[in-house]
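Asks: from the sequence below, what's the structure:
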Amino acid sequence: MRIGGLLLAAGASRRFGRDDKLLARVNGQPLVMHAARHLLALGLERSIAVVSSEAVAKVVAGVMPVMQIAPNKGQGDSIAAGITELQSMDRVLIVLGDMPFVTVHDMQAVLACDPAAPSCVIAGNIMMPPAAFPASNFDYLAGLTGDKGAGSLLKKLPASSLVSLPSERTRDIDRPSDIKGPV
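Replies: Sure thing, here's the model as predicted:
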């Protein structure tokens, strides 16, 4: 089975202030690099990052191929662009560039679920990335636009497709005050 990795790193960082949150230093490296390195550690067939910022593109391009989209596009546009690029894969794992506390082990656990169905992380009652999707979902994902992500495919997953994680590991970085704790 050919598995691809998709790093979503094209957000506008609106709640972070003037700076791009993906470039904020967390444990000595840009925030986005934590998710990028964890994704690469999986040794997948092919991984790419979808970015909108030139500065983020330069940082991530040092470790993986980058696909740049126009600024101010939504998560749906990022997913669609990445899935279209990874169309030859049998399955794609999607991770977010602003979730540095998700571990390689967590990503492996999502991939260990049934490969014929979507799978994702759940914290409390909230289903979220990392999430894996089989090729049977690619047409739907490639048609996403705006702020609509892949949540509708995750809403009614059975427990066997969910990886329960503590909310501390699934938190994303939206504001400078969110940067705390070990990565």
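Asks: what stretches of this structure score poorly on pLDDT?
Replies: 11-19, 174-178, 180-183 (pLDDT under 70).
Asks: can you show me the strands along the protein?
Replies: 3-9, 25-26, 29-30, 46-51, 66-68, 91-96, 119-123, 126-134, 162-164 (DSSP state E).
Asks: and these as CSV, adding distance to Lys58?
Replies: C-beta coordinates here come from the backbone N, C-alpha and C atoms, glycine included. Output for those, formatted as CSV (distance: least, CB to CB, whole Å):
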stretch, distance to Lys58
strand 3-9, 12
strand 25-26, 16
strand 29-30, 10
strand 46-51, 9
strand 66-68, 9
strand 91-96, 20
strand 119-123, 29
strand 126-134, 24
strand 162-164, 32
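Asks: columns mean neighbour count and distance to Cys113 on top of those strands, output as a markdown table?
Replies: Below are the strands of the chain laid out as a markdown table (neighbours: other CB atoms under 10 Å; distance: least, CB to CB, whole Å):
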| stretch | mean neighbour count | distance to Cys113 |
| --- | --- | --- |
| strand 3-9 | 25 | 12 |
| strand 25-26 | 15 | 28 |
| strand 29-30 | 17 | 30 |
| strand 46-51 | 24 | 19 |
| strand 66-68 | 18 | 26 |
| strand 91-96 | 26 | 10 |
| strand 119-123 | 21 | 3 |
| strand 126-134 | 22 | 7 |
| strand 162-164 | 17 | 7 |
